[in-house]
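**Q** Got a predicted structure plus its sequence, pasted below:
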Amino acid sequence: MQLSVRMALATSLAVTFLAAPQAQATNYTLWIHGKNGGGTQAGNYADFSNWGPSSTAAGVNKKAVNWDGRQQIGGQNYRIRDALDCFCTGTNWCYIAVHSAGNLQIGYALSLYGSSARYKKNATPNSSGVCGNTDGTTQTGWNIKWVDVASGAGGGSELADVGEWATSDAIVGDLVTTTARAMYNHNTTRSLWFYMFAAAKGTAYSGILPGQDDEAVSYHSTGGVSGSSGGSYCNPGDWFCGGTLNTGTAACSDGRAKWSYHTVSLRDDGEAWSHGANGKWENIVGKVREDVVLYAK
């Protein structure tokens, strides 16, 4: 989706809300983290310790969607659905920002549960992160405007393939490239756009991760490139890759297409950003935060 179209979408939604003030619609920005070693408080939507200072601007009415990042996607996905039910039903709408394996979490929720009946919730969570019903009625799926993806692991990582990460963490099995790609239908986004931000400042694992990488995930994943396995994709002019990751919705230079409704908003041609936020909203997470501040209003 082009920038002008995205701005037009935001404007049209604002006009809609202004035309119907009685609906009292509220917009929220949900941040879904990726693989981690624990420490965040699941169900506490104010705990931004995985990202950086909670005082930092990160979209309208920002909420941290915390889950146990050591466990499997399927077993923890209820945490994401609880948040979506809380803040993205009834008259309320959400912007979604995800990092790394958070890409798998939102993709899993949309593909497998995006057409299910959801009770409209009151956006007032209890200590477990669950909100109460409003009027007892349901709706199909959630009210989501778009998804920003920082170094998405929707296509898995070769670090999981070769066991470079601690095998005691159950999520590592989900991050194997063939497993991640077969976990759900990545083309089924419920017609929501995934804006991919692909980082390329990778050095430590350059011999394991194919093509351009950010030390954790390669372009084939962070760029939303389709297929049952990964591939070697780089910035333009790199002669040591299988192909170029093109920006926008265009297929890679070798003809491999992106998943439906996936578009590369940022390709790190200068190899300036790496994977982690480092508790300071840094690197590729920082670029997504800037985008969210601009558009999630």
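**A** Sure thing, it's come through. Numbers count the residues shown, from 1 in each chain.

**Q** Grab the nearest non-local neighbour of the residue nearest the centre of the chain.
**A** Central residue of the chain (CA atoms, centre = their mean): Val98, 3.0 Å from the mean position. In this structure, Val98 finds its nearest non-sequential neighbour in Ile32, 4.4 Å apart by CB to CB, 6 or more residues apart in numbering. Yep, even glycine has a C-beta here, placed from its N, CA and C like the rest.

**Q** pLDDT value on the one you found, please?
**A** Ile32 carries a pLDDT value of 98.

**Q** so it bridges to which residues?
**A** Counting by DSSP bridges, Ile32 is bridged to Val65, Val98.

**Q** list the contacts for it?
**A** Residues counted as contacts of Ile32 (CB atoms under 8 Å, 6 or more residues apart in numbering) are Val65, Trp67, Ile80, Ala83, Ile96, Ala97, Val98, His99, Gly102, Gln105, Ile106.

**Q** again with Ile96
**A** The contact partners of Ile96, taken as CB under 8 Å, 6+ apart, are Thr29, Leu30, Ile32, Ile106, Ile144, Trp146, Val147, Asp148.

**Q** Okay, now the unreliable bits of the stretch 101-250 of the chain?
**A** 204-205 (pLDDT under 70).

**Q** Strands of that one, start to end?
**A** Counting by DSSP state E, counting those that start in this stretch, the segments of the stretch 101-250 of the chain that form strands are 117-125, 131-140, 144-150, 194-198, 233-234, 243-244.

**Q** Pipe those strands into CSV and attach mean neighbour count per row.
**A** Formatted as CSV, the strands of the stretch 101-250 of the chain follow (neighbours: other CB atoms under 10 Å):
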stretch, mean neighbour count
strand 117-125, 17
strand 131-140, 12
strand 144-150, 25
strand 194-198, 28
strand 233-234, 26
strand 243-244, 20
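
**Q** any chance of these in a markdown table, with distance to Ala25 too?
**A** Putting those into a markdown table (distance: least, CB to CB, whole Å) gives the following:
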| stretch | distance to Ala25 |
| --- | --- |
| strand 117-125 | 11 |
| strand 131-140 | 13 |
| strand 144-150 | 12 |
| strand 194-198 | 23 |
| strand 233-234 | 40 |
| strand 243-244 | 42 |
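
**Q** Run through who's touching stretch 231-244.
**A** Taking CB under 8 Å, 6+ apart as the rule, stretch 231-244 contacts 200, 210-212, 218-220, 223, 225, 245, 252-254, 256, 267-269, 271.

**Q** Narrow those residues to those that are buried.
**A** Applying a neighbour-count criterion of 16 or more other CB atoms under 10 Å, the buried members of the contacts of stretch 231-244 are 200, 210-212, 218-220, 223, 225, 245, 252, 256, 267-268.

**Q** quick one: which of these is nearest Leu159?
**A** The closest of the buried ones among the contacts of stretch 231-244 to Leu159 turns out to be Ser218 (CB to CB; 9.5 Å).
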